[in-house]
Every structure is written in structure tokens, then in C-alpha cells.
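>>> Quick one: sequence plus predicted model below, questions after.
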Amino acid sequence: MGESSCVVAPTRGGGRWTPRFVETIDVEKCIGCGRCFKVCGRGILALMGIDDEGEVVPVTADNEDEIDKKVMNILHPELCIGCESCAKVCPKKCYTHGELEAS
């Protein structure tokens with residue numbers, strides 16, 4: 001996307017850094033390990049469940065038995081600062097990120 005990004009910042013070494021914001025998590029790849037949740041201090045992610053119908057649902061005491069798998073979900077994408085720390089620690093490479101488009 002290059003020059004269309006509306007944010008570009010200098011690095012300490014004199015280079016350029018363009019934030020890339022979280023867009024999706026591939027729930028087929030995600031193992032729910034929580035590494036991304038631990039590294040992100042912005043409150044963007046939440047652990048959710050996949051029920052027997054394949055739907056992403058909140059994990060509660062009432063539906064714990066109906067959850068087939070736990071996966072990470074993007075709860076508040078608007079809080080992302082584009083650091084990509086979540087993707088850097090993900091052992092299954094579940095994340096996609098993108099740049100903001102200039103408006």
C-alpha cells in the first residue's frame with residue numbers, strides 16, 4: 001500500500017515505520033494459546049469459543065460444555081496502534097494486518 005498510508009513515523013535509526021493494524025485472525029489456525037493476548041496491552045483481543053455449529057461465541061460458565069475449541073477474537077480493533085506484536089508472537093501465523101488508507 002506504500003505511500004497511501006496516512007501514518008509514517010521515523011525510527012531511531014533514521015528509517016521509516018508504517019503501522020499495520022490488525023484486520024483478521026484465522027480461527028482455523030488459532031490454537032487459543034493466549035500469547036497474543038499477553039503481549040497486547042491495548043484490550044483489543046478476547047478469548048472466545050467455537051461452538052458445535054462452528055459459531056464464535058463468548059466463553060461463559062453456562063456454555064463451557066458446548067465449546068469445541070477456544071480461539072482469539074478481535075474485540076476492539078479501533079484500539080490497535082499497528083505494532084504487530086500479536087502477529088510476531090503467534091506460533092500459528094493467524095493474523096493479517098493492513099495499513100490505513102489515506103482519506
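Everything's here; your move. Residues are numbered from 1 along each chain as shown.
>>> and stretch 45-59, how far apart are its ends?
Across stretch 45-59, the terminal residues are separated by 14 Å (C-alpha to C-alpha, to the nearest Å).
>>> repeat for stretch 77-89
Between the opening and closing residues of stretch 77-89 there is a gap of 18 Å (C-alpha to C-alpha).
>>> List phi and psi for the spatially closest residue to residue 92 that is not a sequence neighbour.
Once flanking residues are discounted, residue 92 sits nearest to residue 29: 4.4 Å by C-beta to C-beta, 6 or more residues apart in numbering. (C-beta placed from N, C-alpha, C; glycine too.) When read as degrees, to the nearest 10, the backbone of residue 29 gives phi -90, psi -30.
>>> residue contacts, residue 29?
Going by C-beta atoms under 8 Å, 6 or more residues apart in numbering, residue 29 touches 92, 93, 94.
>>> Generate a PyMOL selection restricted to the buried subset of those residues.
Buried members of the contacts of residue 29, identified by 16 or more other C-beta atoms under 10 Å, are gathered into one PyMOL selection as follows:
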select buried, resi 94
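>>> any idea which of the contacts of residue 29 is closest to residue 60?
residue 94 (23.4 Å; C-beta to C-beta).
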